[in-house]
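1. A structural model of the following input is requested.
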Amino acid sequence: MKVLVADPFEESGLEGLKAAGLEVVYDAALKDDSLSDAIRTSGAEVLVVRGTKVTAAMLDAGRLSLIVRAGAGYNTIDVAAASKRGIYVSNCPGKNAIAVAELAFALILALDRRLPDNVAELRAGRWNKKEYSSARGLFGRTLGILGVGSIGREMIHRAASFGMHVVLWSRRVAGEDRPLTDEEARELGVEAAMRAVTIDVAPTPGDVAARADILSVHLALASETRGLVDDSVFARMKPGALFVNTARGEIVDHAALLSAVRTKGLRAGLDVFAHEPAGGVAEFHDELLTFPTVYGTHHIGASTEQAQEAVAAETVRIIRSYAATGKVPNVVNLATRTPATHMLVVRHRDKPGVLAHVFNHLRRGNLNVQETENIVFEGAEAAVARINLDGALLPALCEQIKAGNGDILDLQIVELS
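-> Residues are numbered from 1 along each chain as shown. Prediction:
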């Protein structure tokens, strides 16, 4: 199996792929037409990318069957196009969670203590202890978290270390303003932090914003989260509150944030922006960064050595599993529910041609197989096939299937709810 790696990737990951007997083509500079050409000429079955955009045209250029996003988000990949072509899309969730949480807290501390301004004054030869001795501190303050995935959970643990209170909103936890229940905490994987921090649930992002001294965004980019943090959310934030976004720039209405910085004195720490350059080095201008109360970093949340090594190891695990078993961990584009309405259960002798006989009759009955599995009993003399279909079988067709092959022991039809 050939793997094309089209973004910067750790040496340990490249060596891990080669050690698994895979042929690796590595070119970190590929993008646009050059990536299409490489997919076509290499004949690669697997593509590994980080931030490089993968389009439908690229998928048509070669014979890809798996795309691995060496990171958590996958918004730069045309997932819908991949799904139409039967191409798996997989990612590495949670492997950079600690790194992103560390940067989010670095931004929070920098905003509270005005660290960049401290450094700038000292480098300019000015000592201004009186100005920079003023800071509120984090102990006892309320951290609002939007999104409680792997990064949000790491934020809660760090908030506990700082003695902060937490109020959160998650699509997985709904309800009125109330404490997070023990059961919800276990489901979110934050029960260990419960002993050291009070955690409350708010029914909407705006309710979190109203209670928070610091609002931190940790949502995945999706149609329902695009532009979610808008005027209505910023309007409810306290004057002078801190706002941090280390998730995706598109989740935040940047015009609304700009207005809140101007009119409410919000201080913002941003690792992501509305319009980021495609390359690693480029000219960049954003009006938000002209305000002294806004600090920015270069979309580096996941860029620690620890995180990149973890992501590389997970990428290798995904591809090795696919090469060895045909199974892909962390797939993001499998249907959660198929159009199947009925299941045909076939108990049969484990002999050649039985399932081919069944499928041939299903085709004649214009029934499409949505999912199927064949479970073999000990001794490999008998098996049970479960076949999900997009319609009901007529009794006559069932009789034809059963009568036409002596190795079929029994048929059962189950209506799916």
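2. low-scoring stretches of this structure, by residue?
-> For the chain, applying pLDDT under 70 flags no range at all.
3. Per the annotation, how does it divide into domains?
-> Split into domains by automatic domain parsing, the chain comes to 2-95+306-325, 97-301, 342-415.
4. could you pull out the helices for the stretch 251-400 of the chain?
-> Ranges of helices in the stretch 251-400 of the chain, per DSSP state H, counting those that start in this stretch, are 254-264, 305-325, 354-364, 395-403.
5. Nearest to Leu270 among those would be which one?
-> Closest to Leu270 of the helices of the stretch 251-400 of the chain, according to C-beta to C-beta: helix 254-264, at 8.5 Å. Bear in mind the C-beta positions are built from the backbone N, C-alpha and C, glycine included.
6. Against which helices or strands is the closest one packed?
-> Applying 3 or more C-beta pairs under 8 Å, 6 or more residues apart in numbering; DSSP states H and E, we find helix 254-264 packed against helix 231-234, strand 267-270.
7. make it 6 Å
-> helix 231-234 (3 or more C-beta pairs under 6 Å, 6 or more residues apart in numbering; DSSP states H and E).
8. Can you identify the element that follows the helix it packs on toward the C-terminus?
-> Toward the C-terminus, helix 231-234 is succeeded by strand 242-245 as the next helix or strand (DSSP states H and E).
9. picking that back up, highest average neighbour count across the helices of the stretch 251-400 of the chain?
-> Mean neighbour count (mean count of other C-beta atoms under 10 Å) peaks for helix 305-325 among the helices of the stretch 251-400 of the chain, with a mean of 19.
10. Check the offset of it from the chain's centre.
-> In terms of C-alpha atoms, centre = their mean, to the nearest Å, the centre of helix 305-325 is set 15 Å apart from its chain centre.
11. now do stretch 79-97
-> Stretch 79-97 has its C-alpha centroid displaced from the chain centroid by 9 Å (C-alpha atoms, centre = their mean).
12. and the end-to-end length of it?
-> End-to-end span of stretch 79-97 (C-alpha to C-alpha, to the nearest Å): 23 Å.
13. So for it, what gets flagged as buried?
-> The neighbour-count check on stretch 79-97 (16 or more other C-beta atoms under 10 Å) flags 79, 81-82, 87-97 as buried.
14. Other residues contacting it?
-> Here stretch 79-97 makes contact (C-beta atoms under 6 Å, 6 or more residues apart in numbering) with 56, 59, 64-69, 71-72, 74, 77, 150-151, 154, 302, 307, 310-311, 314, 318, 328, 330-333.
15. Can you say which of the helices of the stretch 251-400 of the chain is nearest to Leu107?
-> helix 254-264 (14.3 Å).
16. Farthest pair within the buried residues of stretch 79-97?
-> Greatest spatial distance among the buried residues of stretch 79-97 (C-beta to C-beta): Ala81 and Ala97, at 28.2 Å.
17. and Thr76, what does it touch?
-> Residues in contact with Thr76 (C-beta under 6 Å, 6+ apart) are Lys53.
18. if I look at it, how far off is Lys53?
-> Here the criterion is C-beta to C-beta, to the nearest Å. By it, Thr76 lies 5 Å from Lys53.
19. How about Ala241?
-> 35 Å.
20. can you check Asp286 too?
-> In this view, Asp286 and Lys53 are 21 Å apart by C-beta to C-beta.
21. right, and Arg113 touches Gly137 too?
-> No: the pair Arg113 and Gly137 fails to qualify as a contact (C-beta atoms under 6 Å) at a distance of 8.9 Å.
22. Same drill for those two, tell me which one is more crowded.
-> A direct count of neighbours by other C-beta atoms under 10 Å for Arg113 and Gly137 places Arg113 higher, at 17 against 11.
23. And what about the closest residue to the more buried one other than its chain neighbours, helix, strand or coil?
-> Nearest residue to Arg113, sequence neighbours excluded (C-beta to C-beta, 6 or more residues apart in numbering): Ala135, at 5.0 Å. Counting by DSSP: H, G, I helix; E, B strand; the rest coil, the backbone at Ala135 sits in coil.
24. what ranges do the strands span in the stretch 1-150 of the chain?
-> 2-5, 23-26, 46-49, 66-69, 88-90, 142-146 (DSSP state E, counting those that start in this stretch).
25. what does the second one contact?
-> Surrounding strand 23-26, the residues in contact under the criterion C-beta under 6 Å, 6+ apart are Lys2, Val3, Leu4, Val5, Leu14, Leu17, Lys18, Ser42.
26. As CSV, the residues you listed with distance to Leu180 would be great.
-> Output for these, formatted as CSV (distance: C-beta to C-beta, whole Å):
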residue, distance to Leu180
Lys2, 47
Val3, 42
Leu4, 44
Val5, 41
Leu14, 42
Leu17, 41
Lys18, 46
Ser42, 49
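27. what about burial for these, which qualify?
-> Buried subset of those (neighbour count, 16+ other C-beta under 10 Å): Val3, Leu4, Val5, Leu14, Leu17, Ser42.
28. My guess is the first one contacts Lys18. True?
-> No: with contact defined as C-beta under 6 Å, Val3 does not count as touching Lys18 (9.3 Å).
29. and stretch 114-131, which residues are buried?
-> Arg114, Leu115, Asp117.
30. Distance of the second one relative to Ala241?
-> The one in question is Leu115. 18 Å.
31. again with the last one
-> Note on Asp117: its distance to Ala241, by C-beta to C-beta, is 18 Å.
32. do the same with Leu219
-> Counting by C-beta to C-beta, the gap from Leu219 to Ala241 is 18 Å.
33. neighbours around Ile413, how many?
-> Neighbours of Ile413 using other C-beta under 10 Å come to 13.
34. Could you identify the buried members of the contacts of stretch 79-97?
-> Buried by 16+ other C-beta under 10 Å: 59, 64-69, 71-72, 74, 77, 150-151, 154, 302, 307, 310-311, 314, 318, 328, 330, 332-333, out of the contacts of stretch 79-97.
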